[in-house]
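Undergrad: quick one, what's the 3D model for this:
(2 chains)
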Amino acid sequence: MADTVALRLDKVSIGTLDGVSFTIAPGEIVCLSGPSGSGKSRLLRAIADLEPHGGDIWLGERAQSQFPGHEWRRQVMLVPAESQWWAPSVGEHFQHSPVEDLSTLGFETKTLDWQIGRLSSGEKQRLALLRALSRSPRALLLDEPTANLDDTTIHRCESWLRERTRQLGLPVLWVAHDSRQIERVANRHYRIEGSRLKEVS
Amino acid sequence: MNVIDLAWWQLGLAASMVVALAACTHLARLGVGKSLLLAGARTALQLALIGLILEALFAASRLHWVALMATAMLLIAGREVMARQKRRLLGGWAFGIGTVSMFLSSFTVTVLTLTVIIGPEPWYTPQYAIPLLGMMLGNTMNGVSLSLDRLTDTAWRQRAVIENRLMLGQRWQEAIGDIRREAMRSGMIPTINAMAAAGVVSLPGMMTGQILAGSPPAVAVKYQILVMFTITVGTGFGTLAAVAAGSRRLFDERERLRLERLSEPVS
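TA: Residues are numbered from 1 along each chain as shown, chains lettered A, B, ... in the order given. This is a model prediction of the structure:
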């Protein structure tokens, strides 16, 4: 926990959103909701610096512009709603094998030898979370991370994410639809209303 | 051994065979008759014109005329590279990248071949310079346009993969690495295939021409080998430059994928 940092947005604007400012403390989970098309995913893309945007974003004491693009994204990691897999087998997408986490999410070490073609959408989604965390980011941006999972797996996934991110001290911005999920995981909750973010208590 | 000149009426006989072919396809309702005649007429007209220009150029044999001709050929090739791409880079980049990479590779290799290897006196003697540059540009143009087309089209179709790789913290070179390799390959394959099949399956056109013109086959073979190698080097470096510059242009200074820099697909 020595090296944890906060993620801070300062008057960020992207698409219809404008003047978005908030701070996520280390180990804190902030949920973001809003109607589809309101710009949730685009805000995450702006924070990961995948799209040109206005305003400043800080990781601890360092601004986004002080990092090269790839270095920023390695530290502020976005897990998209639909993950992509380019190599033939699962293991080729991992730099090292996250043995412990694999079993927590219901996989085995053998899973790394699986062919991508035989993965279900739910398996892809869980493996995408594992893939992101195995690269040791310092902040996480999750775009509906449990959308393709059944109820039991959702709970397992949620508690794993909560535990790991708290343990690692990662600030997490979590886009979610389900209000019960938001109740379960969020320390704070913002809803997009028009061009603004509104804190929901 | 003297070359047998061809009279115009003799070419007329060959032309009448093309007309006969067009008539047959027309009668069989195969629908290529019209374009066949049009393309035939273009061949005759364009080549007659270039014949006149070359006659004048050879007679003058001045560096600035050769340079002017070379520039015109380069610009036309650059336009052709742009026209052959389905999704081209906007803002003049498609033309610019194509033209500059062809200039860098074709011109350098042609000048090097003329000055160091063949060594006519003076080095820009148009009888050597123009045909050599023509072959070079023609092949480099194919390589550059094939590779750029493959690069931009694949990047468009695989944008989700590229972006996901960026999200995982990969550098832009790594995120588009597979696509770059594929683009380079598709630009180089025709040249590699041509070298592999040369003399076994097909007698290359230049060698055939030289033999018809009375050169001993041994000399023609040496020129053909030289030309094949220089074409390969020209195409290779041209394609390399185009793929490097083209893929860089797909990303901005923050290493974001910027596909809005590509045009809508041109059919």
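
Undergrad: what's near enough to touch B:Ile176?
TA: Residues near B:Ile176 by CB atoms under 8 Å, 6 or more residues apart in numbering or on different chains: B:Ala155, B:Ile162, B:Ser247, B:Leu250, B:Phe251. Where C-beta positions appear, they are placed from N, C-alpha and C, glycine not excepted.

Undergrad: could you do B:Pro120 as well?
TA: Contacts of B:Pro120 (CB under 8 Å, 6+ apart): B:Leu114, B:Gln127, B:Tyr128.

Undergrad: next one: the first one from A:Ser83, what distance?
TA: Spatial separation of B:Leu114 from A:Ser83 under the definition CB to CB, to the nearest Å is 54 Å.

Undergrad: compare those two and say which is more crowded by neighbours.
TA: Neighbours per residue, other CB atoms under 10 Å in any protein chain shown: of B:Leu114 and A:Ser83, the larger number sits with A:Ser83, 23 against 19.

Undergrad: OK, contacts around the more buried one?
TA: A:Lys124, A:Gln125, A:Leu127, A:Ala128, A:Arg131, B:Asn164.

Undergrad: now the residue of the stretch 51-200 of chain B found nearest chain A: closest residue in space that isn't a chain neighbour?
TA: As assessed by CB to the nearest CB, chain A sits closest to B:Gly169 within the stretch 51-200 of chain B, at 2.7 Å. Distances taken as CB to CB, 6 or more residues apart in numbering or on different chains put A:Arg74 closest to B:Gly169, at 2.7 Å, once the chain neighbours are dropped.

Undergrad: lowest-pLDDT helix or strand in chain A?
TA: Of all helical and strand segments in chain A, the minimum by mean pLDDT, DSSP states H and E falls on helix A:99-104, at a mean of 88.

Undergrad: from A:Pro26, how far off is A:Gln64?
TA: Taking CB to CB, one finds A:Gln64 at 18 Å from A:Pro26.

Undergrad: got the contacts of B:Ile176 as JSON lines, with neighbour count, distance to chain A and secondary structure columns?
TA: Shown next, in JSON lines, are the contacts of B:Ile176 (neighbours: other CB atoms under 10 Å in any protein chain shown; distance: CB to the nearest CB, whole Å; DSSP: H, G, I helix; E, B strand; the rest coil):
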{"residue": "B:Ala155", "neighbour count": "24", "distance to chain A": "13", "secondary structure": "helix"}
{"residue": "B:Ile162", "neighbour count": "25", "distance to chain A": "9", "secondary structure": "helix"}
{"residue": "B:Ser247", "neighbour count": "22", "distance to chain A": "15", "secondary structure": "helix"}
{"residue": "B:Leu250", "neighbour count": "22", "distance to chain A": "13", "secondary structure": "coil"}
{"residue": "B:Phe251", "neighbour count": "21", "distance to chain A": "8", "secondary structure": "strand"}
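
Undergrad: A:Ala48: which of the residues you listed is nearest?
TA: B:Ile162 (13.7 Å; CB to CB).

Undergrad: OK, contacts around the closest one?
TA: With CB under 8 Å, 6+ apart, B:Ile162 has these contacts: B:Ala155, B:Ala175, B:Ile176, B:Ile179, B:Leu257.

Undergrad: got the contact list for the closest residue to the second one other than its chain neighbours?
TA: Read that as B:Ala175. Take B:Ala175 and drop its neighbours on the chain: the residue closest to it by CB to CB, 6+ apart is B:Arg165, 3.9 Å away. Neighbouring residues of B:Arg165 by CB under 8 Å, 6+ apart: A:Gln84, A:Trp86, B:Glu174, B:Ala175.

Undergrad: for ChimeraX, write a command that selects the buried ones of those residues.
TA: Per 16 or more other CB atoms under 10 Å in any protein chain shown, the buried members of the contacts of B:Arg165 correspond to this ChimeraX selection:
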select /A:84 /B:175
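
Undergrad: how about the contacts of B:Arg165, which pair is most distant?
TA: That would be A:Gln84 and B:Glu174, which, of these, are the farthest apart (CB to CB) at 14.2 Å.

Undergrad: what about chain B, any weak spots by pLDDT?
TA: Applying pLDDT under 70 to chain B flags the ranges B:1-2, B:267.

Undergrad: could you list the domains of it?
TA: Annotated domains of chain B cover B:1-60, B:63-261 [automatic domain parsing].

Undergrad: residues of chain A that sit close to chain B?
TA: Residues of chain A lying near chain B by CB under 8 Å from any CB of the partner chain: A:48-52, A:68-71, A:73-75, A:77-80, A:82-84, A:86, A:131-132, A:135, A:137.

Undergrad: among those, which lie within helices?
TA: Secondary structure from DSSP state H places A:Gly69, A:His70, A:Glu71, A:Arg73, A:Arg74, A:Gln75, A:Arg131, A:Ala132 of the residues of chain A next to chain B in helices.

Undergrad: quick one: which of those has the most company?
TA: A:Arg73 (27 neighbours).

Undergrad: you'd agree it is up against A:Asp49?
TA: Yes - using CB atoms under 8 Å, A:Arg73 is in contact with A:Asp49, at 6.4 Å.

Undergrad: the residue lying farthest from the centre of chain B: what's it in contact with?
TA: Most distant from the centre of chain B: B:Leu168, at 38.5 Å, with distances by CA atoms, centre = their mean. Contact partners of B:Leu168, counting by CB under 8 Å, 6+ apart, are A:Arg73, A:Arg74, A:Met77, A:Arg131, A:Ala132, A:Arg135.

Undergrad: need the pLDDT of the nearest residue to A:Leu105 once chain neighbours are set aside.
TA: The shortest distance from A:Leu105 to any non-neighbouring residue, by CB to CB, 6+ apart, is to A:Arg126 (4.9 Å). For A:Arg126, the model assigns a pLDDT of 95.
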